[in-house]
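Colleague: Pasted the sequence and its predicted model underneath.
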Amino acid sequence: MASSSQTLAAAGGLPTEDGDVPDKRDLIAGLEKGLAVIEAFHQEQPRLSITEVAERTGLTRAAARRYLLTLTHLGYVASDRKRFGLTPKVLRLGQSYLHSARLPRVVQSQLQRIAYALQEASSAGILQQDDIMAIAAASAGRVVSATLQPGIRVPAYCTSNGRVLVSAMQDAEMDAWLARQRLEPLTPHTITHPERLRLELLRTRANGYAVVDQELELGLRTIAVPLRNFQGDTVAAMNVSVHASRMPMEQLVEKCLPPLLLAQEQLRTLL
């Protein structure tokens, strides 16, 4: 099983020549902070003040102001003098990954095949710290959730892709991941007890797939499998999402697991 660092590297992270974490003196702190400012904006708060950006990034207010002014000068941020927001130019950063990285290009055809065969939505994601980030998706014209789009991040603890990837960790790493989670009840179905979630992760590991019933959003049911490379390392996860009114949980496994397992096997030699 792959560690989270292996998963990140496979998904387009920044490994050093020997695979270890780079020395801090080799990193550019300014770039790290500038990207943190961009990541401070999200769907719930698309426009932020300088003070809010400082609070979200841990920067001083003066430093946050300089970064915002720089990003404004570069065209990535726009301002009405009091509040700031991202511009469409930020999409170029994501498009650069989608167009150049191998992983989303390889899985996209399989997602489309599954989506059109089942007439349901399918997506693939990678683990980014405590979240799952979608890197590719196909819907066959049936939109189940707004979260099933490339670039969208959702909590890993209440998603099938997330549980598949966390269950691929070594026990000590998985326990450390669990210990830092804030298990908020996003719906009445969300598992919020750490030990119960750990049991679900162990069940996922044993079964080779995860099913989640309306824990992220009411009405959203998902099933996911890990995507492994030819060495057996887990590099991503792939799921099928359905609306609860159309498909009971038993049928979700019976109907959607076989095509996911077929795609898993076909992708193994390509990842």
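Modeller: Structure received.
Colleague: Below-threshold pLDDT in the stretch 101-250 of the chain: ranges please.
Modeller: 143 (pLDDT under 70).
Colleague: And the strands in it?
Modeller: Using DSSP state E, counting those that start in this stretch, the strands of the stretch 101-250 of the chain run over 121-128, 131-138, 153-155, 210-213, 220-228, 234-243.
Colleague: Packing partners of the fifth one?
Modeller: To tie it back to what came earlier, the one meant is strand 220-228. helix 160-167, strand 210-213, strand 234-243, helix 249-268 (3 or more Cβ pairs under 8 Å, 6 or more residues apart in numbering; DSSP states H and E). Quick note: C-beta positions are derived from backbone N, CA and C, even for glycine.
Colleague: and E200, which of the ones you listed is closest to it?
Modeller: For the helices and strands packed on strand 220-228, the distance to E200 is smallest for helix 160-167, at 6.3 Å, taking Cβ to Cβ.
Colleague: domains for this protein, by residue range?
Modeller: Per automatic domain parsing, the structural domains of the chain span 13-89, 101-268.
Colleague: Who are the contact partners of A172?
Modeller: A172 makes no contacts at all, as judged by Cβ atoms under 8 Å, 6 or more residues apart in numbering.
Colleague: Just give me the neighbour total for Q149.
Modeller: Q149: 13 surrounding residues under other Cβ atoms under 10 Å.
Colleague: check contacts around the nearest residue to A263 once chain neighbours are set aside.
Modeller: Leaving aside its sequence neighbours, A263 sits nearest to Q110 (Cβ to Cβ, 6 or more residues apart in numbering; 4.2 Å). By Cβ under 8 Å, 6+ apart, the contact set of Q110 is 238, 263, 266-267.
Colleague: Dump the helices and strands packed on strand 220-228 to TSV, plus mean neighbour count.
Modeller: Shown next, in TSV, are the helices and strands packed on strand 220-228 (neighbours: other Cβ atoms under 10 Å):
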stretch	mean neighbour count
helix 160-167	28
strand 210-213	22
strand 234-243	26
helix 249-268	16
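Colleague: Dump the ones you listed to JSON lines, plus distance to G125.
Modeller: Listed next are the helices and strands packed on strand 220-228 as JSON lines, based on distance: least, Cβ to Cβ, whole Å:
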{"stretch": "helix 160-167", "distance to G125": "4"}
{"stretch": "strand 210-213", "distance to G125": "12"}
{"stretch": "strand 234-243", "distance to G125": "6"}
{"stretch": "helix 249-268", "distance to G125": "14"}
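Colleague: So for A136, which of the ones you listed sits nearest?
Modeller: strand 234-243 (8.9 Å).
Colleague: Partner strands of the closest one, with direction?
Modeller: strand 121-128 (antiparallel), strand 220-228 (antiparallel) (DSSP bridges).
Colleague: quick one, the last one and helix 160-167 angle?
Modeller: Following axes from the mean of the first three to the mean of the last three Cα atoms, to 10 degrees, one obtains 40 degrees for the angle between strand 220-228 and helix 160-167.
Colleague: and strand 220-228 with helix 249-268, angle?
Modeller: Using the same axes, to 10 degrees: strand 220-228 against helix 249-268 is 30 degrees.
Colleague: Please work out how many residues are found near L35.
Modeller: With other Cβ under 10 Å as criterion, L35 counts 13.
Colleague: And what about it, helix, strand or coil?
Modeller: helix (DSSP: H, G, I helix; E, B strand; the rest coil).
Colleague: That one and Q108: what is the separation?
Modeller: In this view, L35 and Q108 are 26 Å apart by Cβ to Cβ, to the nearest Å.
Colleague: now I38
Modeller: For I38, the distance to Q108 - Cβ to Cβ - is 25 Å.
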